[in-house]
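**Student:** Generate a structure from the sequence data that follows.
(one chain, ligands or ions: 1)
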Amino acid sequence: MGNKVAVEEQPNLKNYKQEKSFIQNIFTRKPKKKFVLGIIDPQNDFCEGGSLAVLDANKIFVPINKLRYLCVRHGIKTFISQDFHHLAHMSFASTHDKPVFSNQKLNLVMENGDKLTVTQTMWPTHCVQGTKGAEFYSDLFLFYNDKIIQKGTKTNVESYSAFGDEFNNQYEQTGLYSWLNQKKITDIILVGLATDYCVYNTALDAVKYGFTVHVILSCIRGVNPTTTSNAIEDMKSKGVVFYDEIFEFVNKNNRIFNNINLFL
Ligand SMILES: [Zn+2]
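**Tutor:** Purely as a prediction, here's the structure:
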């Protein structure tokens, strides 16, 4: 036994070199990519017949469900954000008795007493807690382990982003960042509604937090053509990666995704 230990302790230059390069690799190599799928606000009020229906929103659910299948096959988790407002939310035209879609200057008092002045778009009443409009659109496949992220739950602040409010998430934190961090996520595949508001703001926050964001155009729709194309240009300029279809996304990330061509 004593001899054996002595033999193993003999310096071995070859092993030493291997070990040194192995240790160097640990510190210099890029961390492995870990993807998550994020579906933004796939809710009844944003779909056909809803109070804030986005044109052609219903068309995103076939490709999103295919993407879900692909992600399940690769062990990729999904979070789904849910706009979830109080009936007197500050973004509702009805709260202030102002015209729908106008922009209004609002003086707001936060829960902690902070006073803020913001310019806010006056939306039709939508996604009110406990109503059918706030529920997920029935064409979307849901799985038992989907992570649901509710946002816009604070009456006095807007949260377009799934990470939280527009003031660096200081008045509403949804918990999304810590969930992603805990799971060591590096890349977010972002889809859903609406391109020019909640997808846009979620993507910008995600980039700010250091995630790589992948957006698939067939799986998003916007409220307004001009703000949608401006949002896409801005996201591109900030490093968000765009793909036309799921097929293109799979091909360009084929080190992670096998090309499952069952029905893509
Ligand atoms: Zn909302």
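**Student:** So what sits opposite the residue nearest the centre of the chain in the bridge?
**Tutor:** Centrality entry for the chain: nearest residue to the mean C-alpha point is residue 38, 4.2 Å, by C-alpha atoms, centre = their mean. As for beta bridges, residue 38 partners with residue 79, residue 190 under DSSP bridges.
**Student:** Near the residue in the stretch 101-250 of the chain that the ion sits nearest to, how many other residues are there?
**Tutor:** Across the stretch 101-250 of the chain, the shortest distance to the ion (C-beta to the ion) belongs to residue 152, at 4.8 Å. Every C-beta, even on glycine, is put in place using the N, C-alpha and C of the backbone. Counted by other C-beta atoms under 10 Å, the residues lying close to residue 152 total 28.
**Student:** quick one: pLDDT of it?
**Tutor:** The model reports residue 152 with a pLDDT of 96.
**Student:** what residues are up against the closest residue to the ion within the chain?
**Tutor:** Closest contact between the chain and the ion, by C-beta to the ion, is at residue 83 (4.2 Å). Neighbour list for residue 83: 41, 43, 45, 46, 126, 127, 134, 151, 152, 198 [criterion: C-beta atoms under 8 Å, 6 or more residues apart in numbering].
**Student:** change it to 6 Å
**Tutor:** By C-beta atoms under 6 Å, 6 or more residues apart in numbering, the contact set of residue 83 is 41, 127, 152.
**Student:** and which of those is nearest residue 67?
**Tutor:** For the contacts of residue 83, the minimum distance to residue 67 (C-beta to C-beta) is 16.1 Å, reached by residue 41.
**Student:** Wait, that closest one touches residue 195, no?
**Tutor:** No: using C-beta atoms under 6 Å, residue 41 and residue 195 do not qualify as a contacting pair, with a distance of 11.1 Å.
**Student:** Which one's more surrounded, the two?
**Tutor:** For residue 41 and residue 195, the more surrounded residue by other C-beta under 10 Å is residue 41, and the numbers stand at 31 against 26.
**Student:** and the more buried one, what is it in contact with?
**Tutor:** 81, 83, 192, 193, 198.
**Student:** Next up, phi/psi of it, please.
**Tutor:** With angles defined as degrees, to the nearest 10, residue 41 sits at phi 40, psi 50.
**Student:** what's the spacing between it and residue 194?
**Tutor:** With the distance defined as C-beta to C-beta, to the nearest Å, residue 41 ends up 7 Å from residue 194.
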